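K.L.:
got a sequence here, can you build the structure:
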Amino acid sequence: MSAATRTPRPPAAPGRPAPAAARPRRLPRPTPGGVLAAVLGVFLAVVWLMPLVWAVLTSLKPEAETTAVPLRWLPLEPTFAAYQAVIERGDLQRWLLNSVVVSVLVTALTLVVCVLAAYACSKTEFPGRSWLFALFVAGILVPPQALIVPLFDQMSVLGMVDTYWGVALPQVVAPVMVFILKRFFDAIPRDYEEAARLDGAGHLRVLWSVVAPMSGPVLAAVGIFTFVQAWNNFLWPFVATADPALMTVPVGLGTVQGSYGIQYAQEMAAAVLGALPLIAVFLLFQRHVVRGVTDAGLK
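P.N.:
Predicted structure coming up:
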């Protein structure tokens, strides 16, 4: 039927409500609780962003302004001299490469180890399974600082000090990730697993073809959290490396000094440049992080 011959819709009769499509959409009225939550959220966002804004503004100051009294938020003479000095030194590029290599190794190995451990505790039956999972949960309570000395002794015996593997391997053990993945795997119906087993699939096939594809959001969230944690880790890379060529970004920032002591503008510039990869990763995978956290919480 053409537009010219289409019958127009008759107007609504008096006293009758207008059709749903014609009704104006009303915005929900703000409640005191909603207003308070919005104000609190804005306040927390400002508090969270203040150190980042301070770092960016300080990196744009000349070195003389960074120690001037009273302190000023805005630079009087903005300059990119600190960024130029950090880049010309050539250390930052090496630190970024080291951080990328270590973070990728830690993330990949953590996903493999934690997925296998979580699947074993969730989908298989063997004696002592509950006790083993209890040990994983108890491992969350152990602070990483308490394991520095035995881990360093172990890496020394294996000859892995001042190597990428020596920095990455001790960061692979993540009991909290095993706990998160195990709880998510528990929510996957066993009907899918049983259907795969009827087709002759084993445990690895079920994990690779059934469980892993259904756990994409939580795997992405665990991977991103692990990557960020490995990138920001300072204590273990500082202990495990004595070679300046193997320093990561957090360790290297402590060496941004000149002949007159700490160069605050250069240190802030290096910190801003070192944080850019994390910001890019979060912006690219923000949807996966939110979806993974939401799905893990609901399931």
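K.L.:
distance from the chain centre to stretch 221-234, please.
P.N.:
5 Å (Cα atoms, centre = their mean, to the nearest Å).
K.L.:
and for stretch 208-218?
P.N.:
Per Cα atoms, centre = their mean, the centroid offset for stretch 208-218 relative to its chain is 19 Å.
K.L.:
ok, now stretch 96-113?
P.N.:
13 Å.
K.L.:
biggest helix in this structure by residues?
P.N.:
helix 91-123 (DSSP state H).
K.L.:
for Arg72, report the pLDDT, please.
P.N.:
On the pLDDT scale, Arg72 is placed at 79.
K.L.:
can you give me phi and psi for the spatially closest residue to it that is not a sequence neighbour?
P.N.:
Counting by Cβ to Cβ, 6 or more residues apart in numbering, Arg72 lies nearest to Glu65, which is 7.1 Å off, once chain neighbours are set aside. (Glycine included, C-beta is placed from N, CA and C.) Backbone torsions of Glu65, given as degrees, to the nearest 10, read phi -80, psi -20.
K.L.:
so what does whichever strand or helix holds Ala38 touch, helix or strand wise?
P.N.:
According to DSSP states H and E, Ala38 maps onto helix 32-59. Of the remaining helices and strands, those touching helix 32-59 by 3 or more Cβ pairs under 8 Å, 6 or more residues apart in numbering; DSSP states H and E are helix 264-284.
K.L.:
for Asp243, grab the count of nearby residues.
P.N.:
As a burial measure, Asp243 scores 9 neighbours (other Cβ atoms under 10 Å).
K.L.:
for this structure, which segments count as strands?
P.N.:
Per DSSP state E, the chain carries strands over the ranges 257-258, 261-262.
K.L.:
select from these the stretch with the lowest mean pLDDT.
P.N.:
Note on the strands of the chain: strand 257-258 shows the lowest mean pLDDT, a mean of 56.
K.L.:
show residues contacting stretch 237-244.
P.N.:
Here stretch 237-244 makes contact (Cβ atoms under 8 Å, 6 or more residues apart in numbering) with 91, 102, 148, 152, 155, 161-162, 166-167, 170, 247-248, 250-251, 254-255.
K.L.:
distance from it to the middle of the chain?
P.N.:
On Cα atoms, centre = their mean, the centre of stretch 237-244 falls 23 Å from the chain's centre.
K.L.:
so where's the protein uncertain?
P.N.:
Applying pLDDT under 70 to the chain picks out residues 1-25, 27, 90, 256-261, 288-299.
K.L.:
centre-most residue in it?
P.N.:
For the chain, the residue nearest the mean C-alpha position is Phe225 (3.1 Å; Cα atoms, centre = their mean).
K.L.:
who's in contact with Gly274?
P.N.:
By Cβ under 8 Å, 6+ apart, the residues touching Gly274 are 92, 95-96, 99, 249-250, 253.
K.L.:
coming back round to it: now do the buried residues in the helix holding Ala38.
P.N.:
Across helix 32-59, burial judged by 16 or more other Cβ atoms under 10 Å covers 55, 58-59.
K.L.:
and the helices in the stretch 101-250 of the chain, which stretches?
P.N.:
129-139, 148-158, 164-168, 175-186, 190-198, 203-206, 212-214, 216-232, 235-240, 249-253 (DSSP state H, counting those that start in this stretch).
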